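**Student:** Show me how the following folds:
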Amino acid sequence: MDKIAVLIPCYNESQTIAKVVSDFKKSLPEAKIYVYDNCSTDHTDLIARQAGAIVRYEDKQGKGNVLRRMFREIDAECYILVDGDDTYPAGHAGEMADLVLNHQKDMVIGDRLSSTYFTENKRAFHNFGNRLVRLLINALFKSELRDIMTGYRAFSYQFVKSFPVLYRGFEIETEMTIHAVDKNMNIGSVIVDYRDRPAGSESKLNTFSDGIAVLKTIGNLWKNYKPLHFFSILSLLLVIVAALVFVPVVFIPYLKTGLVANFPTLIVCGFVVIAALISFFTGLILDSIIKKEKREFEFRLQLLQRKEV
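**Tutor:** Numbers count the residues shown, from 1 in each chain. The predicted structure is shown next:
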(Lines give C-alpha, C1' and ligand atoms only; values in the text may rest on other atoms or scores of the structure.)
Protein backbone atom coordinates (compact mmCIF):
# COMPACT_ATOMS: atom_id res chain seq x y z
CA MET A 1 0.00 0.00 0.00
CA ASP A 2 1.29 3.46 -0.95
CA LYS A 3 1.70 6.11 1.73
CA ILE A 4 0.43 8.90 -0.53
CA ALA A 5 -0.97 8.50 -4.04
CA VAL A 6 -1.52 11.54 -6.25
CA LEU A 7 -4.33 10.83 -8.72
CA ILE A 8 -4.50 12.92 -11.90
CA PRO A 9 -7.32 12.19 -14.37
CA CYS A 10 -6.47 13.59 -17.80
CA TYR A 11 -8.05 14.16 -21.17
CA ASN A 12 -5.92 16.07 -23.70
CA GLU A 13 -3.76 17.95 -21.17
CA SER A 14 -0.46 17.80 -23.09
CA GLN A 15 0.24 21.50 -22.47
CA THR A 16 0.12 21.25 -18.69
CA ILE A 17 0.56 17.66 -17.51
CA ALA A 18 4.38 17.71 -17.39
CA LYS A 19 4.36 20.75 -15.08
CA VAL A 20 1.64 19.26 -12.86
CA VAL A 21 3.57 16.00 -12.42
CA SER A 22 6.83 17.86 -11.79
CA ASP A 23 5.26 20.20 -9.23
CA PHE A 24 3.73 17.35 -7.24
CA LYS A 25 6.94 15.33 -7.31
CA LYS A 26 8.69 18.33 -5.73
CA SER A 27 5.92 19.04 -3.23
CA LEU A 28 5.39 15.40 -2.22
CA PRO A 29 8.62 13.51 -3.00
CA GLU A 30 7.40 10.47 -1.07
CA ALA A 31 4.20 10.17 -3.13
CA LYS A 32 3.51 8.05 -6.17
CA ILE A 33 2.05 10.05 -9.06
CA TYR A 34 -0.64 8.29 -11.11
CA VAL A 35 -1.90 9.77 -14.36
CA TYR A 36 -4.99 8.12 -15.82
CA ASP A 37 -5.37 8.94 -19.48
CA ASN A 38 -9.00 9.12 -20.61
CA CYS A 39 -8.82 8.66 -24.41
CA SER A 40 -6.44 11.58 -25.05
CA THR A 41 -5.38 12.22 -28.64
CA ASP A 42 -2.52 14.65 -27.96
CA HIS A 43 0.04 12.26 -26.39
CA THR A 44 -0.77 13.29 -22.83
CA ASP A 45 0.20 9.79 -21.71
CA LEU A 46 3.67 9.91 -23.28
CA ILE A 47 4.41 13.35 -21.81
CA ALA A 48 3.23 12.26 -18.34
CA ARG A 49 5.39 9.12 -18.46
CA GLN A 50 8.44 11.16 -19.49
CA ALA A 51 7.77 13.49 -16.55
CA GLY A 52 7.97 10.53 -14.17
CA ALA A 53 4.34 9.58 -13.61
CA ILE A 54 2.85 6.09 -13.54
CA VAL A 55 0.46 6.12 -16.49
CA ARG A 56 -2.68 4.02 -16.72
CA TYR A 57 -5.73 4.13 -18.95
CA GLU A 58 -9.53 4.31 -18.78
CA ASP A 59 -11.36 3.86 -22.09
CA LYS A 60 -14.81 4.95 -20.88
CA GLN A 61 -15.07 8.70 -21.35
CA GLY A 62 -15.92 10.78 -18.29
CA LYS A 63 -14.26 11.88 -15.06
CA GLY A 64 -16.53 9.66 -12.96
CA ASN A 65 -15.46 6.60 -14.96
CA VAL A 66 -11.80 7.50 -14.43
CA LEU A 67 -12.25 7.89 -10.67
CA ARG A 68 -14.02 4.55 -10.46
CA ARG A 69 -10.98 2.92 -12.08
CA MET A 70 -8.54 4.80 -9.87
CA PHE A 71 -10.33 4.00 -6.63
CA ARG A 72 -10.56 0.30 -7.50
CA GLU A 73 -6.96 -0.16 -8.56
CA ILE A 74 -4.93 1.94 -6.12
CA ASP A 75 -4.43 1.31 -2.40
CA ALA A 76 -2.98 4.15 -0.33
CA GLU A 77 -3.21 5.63 3.15
CA CYS A 78 -3.87 9.04 1.60
CA TYR A 79 -5.08 10.01 -1.85
CA ILE A 80 -4.61 13.43 -3.42
CA LEU A 81 -6.96 14.09 -6.33
CA VAL A 82 -6.10 16.97 -8.65
CA ASP A 83 -6.93 18.01 -12.19
CA GLY A 84 -4.24 17.90 -14.84
CA ASP A 85 -4.84 21.45 -16.09
CA ASP A 86 -2.39 23.23 -13.74
CA THR A 87 -5.09 25.33 -12.07
CA TYR A 88 -4.26 24.07 -8.56
CA PRO A 89 -0.86 24.72 -6.93
CA ALA A 90 0.91 21.61 -5.63
CA GLY A 91 2.17 23.52 -2.60
CA HIS A 92 -1.05 22.88 -0.67
CA ALA A 93 -0.88 19.10 -1.08
CA GLY A 94 1.34 18.54 1.96
CA GLU A 95 -1.09 20.30 4.29
CA MET A 96 -4.03 18.38 2.84
CA ALA A 97 -2.23 15.04 3.19
CA ASP A 98 -1.29 15.86 6.79
CA LEU A 99 -4.96 16.38 7.68
CA VAL A 100 -5.75 12.90 6.37
CA LEU A 101 -2.73 11.08 7.77
CA ASN A 102 -2.42 12.75 11.17
CA HIS A 103 -5.79 14.36 11.92
CA GLN A 104 -8.21 11.61 10.87
CA LYS A 105 -9.92 13.56 8.10
CA ASP A 106 -11.81 11.42 5.60
CA MET A 107 -12.02 14.12 2.94
CA VAL A 108 -10.18 17.42 2.67
CA ILE A 109 -11.58 20.00 0.28
CA GLY A 110 -9.26 22.35 -1.57
CA ASP A 111 -11.36 25.49 -1.18
CA ARG A 112 -10.96 27.76 -4.24
CA LEU A 113 -13.97 29.95 -3.63
CA SER A 114 -12.54 31.53 -0.47
CA SER A 115 -9.39 32.69 -2.28
CA THR A 116 -8.77 33.64 -5.92
CA TYR A 117 -11.37 31.73 -7.91
CA PHE A 118 -13.79 34.57 -8.62
CA THR A 119 -11.02 36.89 -9.78
CA GLU A 120 -9.04 34.31 -11.78
CA ASN A 121 -11.96 32.53 -13.44
CA LYS A 122 -13.15 34.43 -16.50
CA ARG A 123 -16.38 32.46 -17.08
CA ALA A 124 -19.24 34.28 -15.35
CA PHE A 125 -21.69 31.39 -15.53
CA HIS A 126 -19.16 29.11 -13.80
CA ASN A 127 -18.99 31.59 -10.93
CA PHE A 128 -22.78 31.71 -10.67
CA GLY A 129 -23.02 27.91 -10.94
CA ASN A 130 -20.52 27.33 -8.12
CA ARG A 131 -22.42 29.69 -5.84
CA LEU A 132 -25.77 28.09 -6.72
CA VAL A 133 -24.52 24.53 -6.13
CA ARG A 134 -22.96 25.53 -2.80
CA LEU A 135 -26.21 27.21 -1.71
CA LEU A 136 -28.39 24.23 -2.68
CA ILE A 137 -26.25 21.54 -1.07
CA ASN A 138 -25.69 23.46 2.15
CA ALA A 139 -29.44 24.12 2.40
CA LEU A 140 -30.62 20.62 1.49
CA PHE A 141 -28.02 18.71 3.51
CA LYS A 142 -27.55 21.16 6.40
CA SER A 143 -23.81 21.59 5.84
CA GLU A 144 -21.49 24.59 5.80
CA LEU A 145 -19.08 23.68 3.03
CA ARG A 146 -17.32 26.47 1.19
CA ASP A 147 -16.53 24.74 -2.12
CA ILE A 148 -18.53 21.86 -3.59
CA MET A 149 -17.17 21.53 -7.13
CA THR A 150 -13.44 21.76 -6.50
CA GLY A 151 -11.22 19.28 -8.32
CA TYR A 152 -8.54 19.39 -5.59
CA ARG A 153 -9.20 16.99 -2.71
CA ALA A 154 -7.55 14.56 -0.33
CA PHE A 155 -9.14 11.31 0.83
CA SER A 156 -8.58 8.60 3.40
CA TYR A 157 -8.40 4.91 2.52
CA GLN A 158 -11.79 4.37 4.20
CA PHE A 159 -13.47 7.04 2.07
CA VAL A 160 -12.11 5.77 -1.23
CA LYS A 161 -12.90 2.12 -0.62
CA SER A 162 -16.41 2.80 0.69
CA PHE A 163 -17.48 5.37 -1.92
CA PRO A 164 -19.83 4.02 -4.63
CA VAL A 165 -19.04 5.88 -7.86
CA LEU A 166 -22.38 6.10 -9.70
CA TYR A 167 -21.98 9.10 -12.01
CA ARG A 168 -19.83 9.10 -15.13
CA GLY A 169 -19.03 12.77 -15.68
CA PHE A 170 -18.26 15.97 -13.79
CA GLU A 171 -21.21 15.30 -11.46
CA ILE A 172 -18.78 13.13 -9.50
CA GLU A 173 -17.58 16.15 -7.51
CA THR A 174 -21.10 16.74 -6.20
CA GLU A 175 -21.60 13.04 -5.52
CA MET A 176 -18.41 12.80 -3.42
CA THR A 177 -19.36 15.83 -1.36
CA ILE A 178 -22.91 14.68 -0.63
CA HIS A 179 -21.71 11.17 0.20
CA ALA A 180 -19.26 12.54 2.77
CA VAL A 181 -21.85 14.85 4.34
CA ASP A 182 -24.61 12.25 4.45
CA LYS A 183 -22.36 9.55 5.96
CA ASN A 184 -21.17 11.98 8.66
CA MET A 185 -17.55 11.66 7.57
CA ASN A 186 -14.86 13.90 8.97
CA ILE A 187 -14.45 16.70 6.42
CA GLY A 188 -11.62 19.21 6.45
CA SER A 189 -10.90 22.23 4.29
CA VAL A 190 -7.77 24.01 3.10
CA ILE A 191 -7.98 27.36 1.32
CA VAL A 192 -6.03 26.99 -1.92
CA ASP A 193 -4.97 29.47 -4.57
CA TYR A 194 -6.60 29.04 -7.94
CA ARG A 195 -5.27 30.12 -11.31
CA ASP A 196 -7.08 30.03 -14.63
CA ARG A 197 -5.98 27.67 -17.34
CA PRO A 198 -2.90 28.79 -19.31
CA ALA A 199 -3.45 30.24 -22.78
CA GLY A 200 -4.18 27.55 -25.35
CA SER A 201 -5.47 25.06 -22.78
CA GLU A 202 -9.19 24.33 -23.21
CA SER A 203 -11.65 23.40 -20.48
CA LYS A 204 -13.52 20.13 -20.95
CA LEU A 205 -16.44 21.42 -18.85
CA ASN A 206 -19.48 22.58 -20.83
CA THR A 207 -21.07 25.41 -18.88
CA PHE A 208 -24.69 24.62 -19.72
CA SER A 209 -24.92 20.86 -20.35
CA ASP A 210 -22.65 19.95 -17.44
CA GLY A 211 -24.33 22.58 -15.27
CA ILE A 212 -27.75 21.07 -15.94
CA ALA A 213 -26.32 17.60 -15.28
CA VAL A 214 -25.00 18.76 -11.89
CA LEU A 215 -28.38 20.23 -10.91
CA LYS A 216 -30.09 16.96 -11.91
CA THR A 217 -27.54 15.10 -9.82
CA ILE A 218 -28.31 17.24 -6.78
CA GLY A 219 -32.02 16.48 -7.20
CA ASN A 220 -31.43 12.74 -7.59
CA LEU A 221 -29.03 12.57 -4.65
CA TRP A 222 -31.44 14.59 -2.49
CA LYS A 223 -34.15 12.03 -3.31
CA ASN A 224 -31.80 9.08 -2.71
CA TYR A 225 -30.13 10.31 0.48
CA LYS A 226 -33.04 12.26 2.03
CA PRO A 227 -36.16 10.46 0.79
CA LEU A 228 -38.44 11.46 3.68
CA HIS A 229 -37.54 15.13 3.19
CA PHE A 230 -37.97 14.91 -0.59
CA PHE A 231 -41.27 13.01 -0.65
CA SER A 232 -42.76 15.01 2.25
CA ILE A 233 -42.23 18.22 0.30
CA LEU A 234 -43.68 16.58 -2.83
CA SER A 235 -46.67 15.41 -0.78
CA LEU A 236 -47.21 18.90 0.63
CA LEU A 237 -47.08 20.44 -2.84
CA LEU A 238 -49.69 17.98 -4.12
CA VAL A 239 -52.01 18.77 -1.19
CA ILE A 240 -51.60 22.51 -1.84
CA VAL A 241 -52.42 22.05 -5.55
CA ALA A 242 -55.48 19.97 -4.68
CA ALA A 243 -56.65 22.57 -2.15
CA LEU A 244 -56.14 25.48 -4.56
CA VAL A 245 -58.41 23.75 -7.08
CA PHE A 246 -60.90 22.17 -4.67
CA VAL A 247 -61.75 25.22 -2.55
CA PRO A 248 -62.80 27.74 -5.26
CA VAL A 249 -64.17 25.24 -7.81
CA VAL A 250 -65.97 22.71 -5.56
CA PHE A 251 -66.17 23.75 -1.91
CA ILE A 252 -67.27 27.40 -2.15
CA PRO A 253 -70.04 26.66 -4.74
CA TYR A 254 -71.19 23.80 -2.49
CA LEU A 255 -71.52 26.18 0.48
CA LYS A 256 -73.63 28.52 -1.61
CA THR A 257 -75.90 26.00 -3.33
CA GLY A 258 -75.64 22.80 -1.31
CA LEU A 259 -74.84 20.98 -4.54
CA VAL A 260 -71.62 19.53 -5.93
CA ALA A 261 -71.61 20.95 -9.43
CA ASN A 262 -68.13 19.80 -10.52
CA PHE A 263 -67.84 16.09 -9.86
CA PRO A 264 -64.91 15.58 -12.30
CA THR A 265 -62.90 18.23 -10.46
CA LEU A 266 -63.78 16.64 -7.11
CA ILE A 267 -62.60 13.24 -8.35
CA VAL A 268 -59.34 14.64 -9.72
CA CYS A 269 -58.66 16.45 -6.42
CA GLY A 270 -59.32 13.20 -4.57
CA PHE A 271 -56.79 11.35 -6.70
CA VAL A 272 -54.23 14.12 -6.15
CA VAL A 273 -54.67 13.80 -2.37
CA ILE A 274 -54.27 10.03 -2.65
CA ALA A 275 -51.05 10.60 -4.63
CA ALA A 276 -49.87 12.91 -1.85
CA LEU A 277 -50.50 10.21 0.77
CA ILE A 278 -48.68 7.61 -1.35
CA SER A 279 -45.75 10.01 -1.74
CA PHE A 280 -45.55 10.58 2.02
CA PHE A 281 -45.62 6.89 2.90
CA THR A 282 -43.07 6.19 0.15
CA GLY A 283 -40.76 8.63 1.89
CA LEU A 284 -41.32 6.89 5.24
CA ILE A 285 -40.50 3.46 3.79
CA LEU A 286 -37.40 4.65 1.93
CA ASP A 287 -36.22 6.54 5.01
CA SER A 288 -36.28 3.29 7.00
CA ILE A 289 -34.29 1.56 4.26
CA ILE A 290 -31.73 4.39 4.20
CA LYS A 291 -31.27 4.20 7.98
CA LYS A 292 -30.63 0.45 7.72
CA GLU A 293 -28.09 1.06 4.93
CA LYS A 294 -26.31 3.63 7.10
CA ARG A 295 -25.91 1.07 9.88
CA GLU A 296 -24.50 -1.44 7.39
CA PHE A 297 -22.18 1.27 6.04
CA GLU A 298 -20.73 1.83 9.51
CA PHE A 299 -20.01 -1.90 9.80
CA ARG A 300 -18.25 -1.82 6.41
CA LEU A 301 -16.11 1.08 7.61
CA GLN A 302 -15.05 -0.95 10.62
CA LEU A 303 -13.99 -3.82 8.34
CA LEU A 304 -12.02 -1.41 6.17
CA GLN A 305 -10.31 -0.01 9.27
CA ARG A 306 -9.18 -3.51 10.25
CA LYS A 307 -7.96 -4.22 6.71
CA GLU A 308 -5.91 -1.02 6.65
CA VAL A 309 -4.30 -1.85 9.99
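**Student:** Please count neighbours and contacts with C-alpha atoms only from this point.
**Tutor:** Fine.
**Student:** Buried residues, the helix or strand harbouring Gly129. List them.
**Tutor:** Using DSSP states H and E, Gly129 sits within helix 124-141. With burial defined by 16 or more other CA atoms under 10 Å, the residues of helix 124-141 counted as buried are His126, Gly129, Asn130, Arg131, Val133, Arg134, Leu135, Ile137, Asn138.
**Student:** The third one against Arg146, yeah?
**Tutor:** Read that as Asn130. No: in this structure Asn130 lies outside contact range of Arg146 using CA atoms under 8 Å: 9.9 Å.
**Student:** Could you list the paired strands of the very next helix or strand once past the helix holding Gly129 along with their orientation?
**Tutor:** Reading on from helix 124-141 to the C-terminus, the next helix or strand found by DSSP H and E is strand 153-156. When pairing is defined by DSSP bridges, strand 153-156 lines up against strand 76-81 (antiparallel), strand 107-111 (antiparallel).
**Student:** What average pLDDT does the first one get?
**Tutor:** Per-region confidence: strand 76-81 scores 96 on mean pLDDT.
**Student:** Name the residues that touch it?
**Tutor:** Applying CA atoms under 8 Å, 6 or more residues apart in numbering, the contact partners of strand 76-81 are 1-8, 93, 96-97, 100-101, 151-157, 308.
**Student:** Any quick ChimeraX command for the buried ones out of the residues you listed?
**Tutor:** The ChimeraX selection below is limited to those of these classed as buried (16+ other CA under 10 Å):
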select :4,5,6,7,8,93,96,97,100,101,151,152,153,154,155,156,157
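**Student:** which one is Tyr152 nearest to, not counting chain neighbours?
**Tutor:** Val82 (4.6 Å; CA to CA, 6 or more residues apart in numbering).
**Student:** wait, Asp287 sits on Leu228?
**Tutor:** Yes: Asp287 lies in contact with Leu228 (CA under 8 Å); the separation is 5.6 Å.
**Student:** Comparing those two, which residue is more hemmed in?
**Tutor:** Leu228 (23 against 19; other CA atoms under 10 Å).
**Student:** contacting residues around the more buried one?
**Tutor:** Phe280, Thr282, Gly283, Leu284, Leu286, Asp287.
**Student:** Below-threshold pLDDT in the stretch 201-309 of the chain: ranges please.
**Tutor:** 201-207, 210, 306-309 (pLDDT under 70).
**Student:** How are the helices of it distributed by residue range?
**Tutor:** Ranges of helices in the stretch 201-309 of the chain, per DSSP state H, counting those that start in this stretch, are 207-225, 227-246, 252-257, 263-308.
**Student:** Can you tell me which of those helices is packed in deepest?
**Tutor:** Among the helices of the stretch 201-309 of the chain, helix 227-246 has the highest mean neighbour count (mean count of other CA atoms under 10 Å), at a mean of 18.
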